[in-house]
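1. Got a predicted structure here, sequence first:
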Amino acid sequence: MPPVARSYLYVPGDREELLRKAPGRGADALVLDLEDAVTPARKAEARRAVAAALAAPATTETWVRINSDQVDADVAVLSPAVAGVWVPKAEPELLAEVDRALTGAERRLGLAEATFAVVALIETARGILTCPQVAAAPRVLRLGLGEADLAGELGLQPGPDRTELAPIRSQVVVASAGARIVAPVGPVETTLRDPDRLEAGTRTLLRQGFRARSAIHPGQLATINAVFTPGPAEVAAAREVVDALDRAARDGSGVATDAHGRLLDRAVIRAATEVLRRAERHAG
């Protein structure tokens, strides 16, 4: 299994020079954007540019963000180089429409069924209310969160720490865990020249259960990747927990304790294992 992406860089679909440069900018994955980054008058031009960009084999994991009201036209640009699509304003009925369109694209391209995956963006009130169904929908690899759209629909006025959105974030994390899909993608940071804010917000997302974040500028990628990669001290602590479990299994006691004699329960062991998996995925 390829490494699960920590960072996704949005690339405006109508900017050919950015489409050319994007693979070398340091993102784990790219999201070629046919939606918010493209004005209505340039949608057709964006489709042509994205289709041209996708004609070559991908050197970076690549996705396409489609428009919720132009599914068939947007899915028509897909090629075998694409991992799948990002679906804004994801709700069960829309995801069923996307599934049908992707099945048609796979047949057209001669690909196996379910080749294309979906990242479902929770951006509406109904998306929140149906979050478990969205997470369990066909093809959904992971959920994402569009907080700007949500705040607008709900009448929220988030402060700098965005605590007003914490309950919604929790629902997205719980729905992902309940559906046994990859942990969700956090929302973008729109302030571009405040690295401390970016790091603090990304660390909050990590603590809240997110394991990736989308970016709107390449300068954000190094911070996002660093936060979602366990550091040496965290890895060492996790390794100590797993080693203690191995010792308990070898001596037959079945009771694992850390270096201080404290009992290690299943929750601690599970968390340590998750840290080591993330570290191994992004080693080097």
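-> Everything's here; your move. Numbering: from 1, shown residues only.
2. so where's the stretch 1-150 of the chain shaky on pLDDT?
-> Scanning the stretch 1-150 of the chain for pLDDT under 70 picks out 1-3.
3. State the distance spanning the first to the last residue of stretch 256-275.
-> 18 Å (Cα to Cα, to the nearest Å).
4. Touching it from outside, list them.
-> With contacts defined as Cβ atoms under 8 Å, 6 or more residues apart in numbering, stretch 256-275 is touched by 230, 234-235, 237-242, 244-245, 247-248, 255. Where you see a C-beta, it was placed from the backbone N, CA and C, and this is true even at glycine.
5. Pull out the buried positions in that stretch.
-> 256, 264, 268-269, 272, 275 (16 or more other Cβ atoms under 10 Å).
6. need the residues you listed in CSV with distance to Ala117, can you?
-> Shown next, in CSV, are these (distance: Cβ to Cβ, whole Å):
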residue, distance to Ala117
Ala256, 36
Leu264, 35
Val268, 32
Ile269, 30
Ala272, 28
Val275, 25
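7. that older thread, relative to Glu35, which of the contacts of stretch 256-275 is nearest.
-> Distances from Glu35 to the contacts of stretch 256-275, taken as Cβ to Cβ, are shortest for Pro230 (32.6 Å).
8. Is Val140 bridged to anything, and to what?
-> Val118 (DSSP bridges).
9. Map the structural domains onto the sequence of this protein.
-> What automatic domain parsing lists as the domains of the chain is 7-227, 232-281.
10. most tightly surrounded among those domains?
-> Scoring these by mean neighbour count under mean count of other Cβ atoms under 10 Å gives domain 7-227 as the most buried, with a mean of 18.
11. give the contact list for Pro12.
-> 18, 33, 37-38, 46.
12. Sorry, wrong one. I was asking about Ala120.
-> Neighbours of Ala120 in contact, by Cβ under 8 Å, 6+ apart: 87, 90, 95, 134-135, 137, 140, 142-144.
13. make it 6 Å
-> Counting by Cβ atoms under 6 Å, 6 or more residues apart in numbering, Ala120 touches 87, 90, 134, 140, 143.
14. before we move on, what SS does it have?
-> Secondary structure, DSSP: H, G, I helix; E, B strand; the rest coil: Ala120 is strand.
15. Now it: closest residue in space, sequence neighbours ignored.
-> Closest residue to Ala120 apart from its sequence neighbours, by Cβ to Cβ, 6 or more residues apart in numbering: Ala90 at 3.7 Å.
16. Just confirm the one you found contacts Leu121, I think it does.
-> Yes: counting by Cβ atoms under 6 Å, Ala90 does reach Leu121; the two are 5.4 Å apart.
17. chain center to the helix of greatest length in the chain, what's the gap?
-> Using DSSP state H to define each element, the chain has its longest helix at helix 232-251. Taking Cα atoms, centre = their mean, to the nearest Å, one finds helix 232-251 lying 29 Å from the centre of the chain it belongs to.
18. for the stretch 51-200 of the chain, what spans make up the helices?
-> According to DSSP state H, counting those that start in this stretch, the stretch 51-200 of the chain carries its helices in the segments 71-75, 92-109, 125-129, 131-135, 147-154, 166-179, 195-208.
19. Redo those helices as CSV? Include distance to Arg65.
-> Formatted as CSV, those follow (distance: least, Cβ to Cβ, whole Å):
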stretch, distance to Arg65
helix 71-75, 9
helix 92-109, 12
helix 125-129, 15
helix 131-135, 16
helix 147-154, 13
helix 166-179, 18
helix 195-208, 20
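20. right, and those - which one's nearest Leu9?
-> Nearest of the helices of the stretch 51-200 of the chain (Cβ to Cβ): helix 195-208, 13.8 Å.
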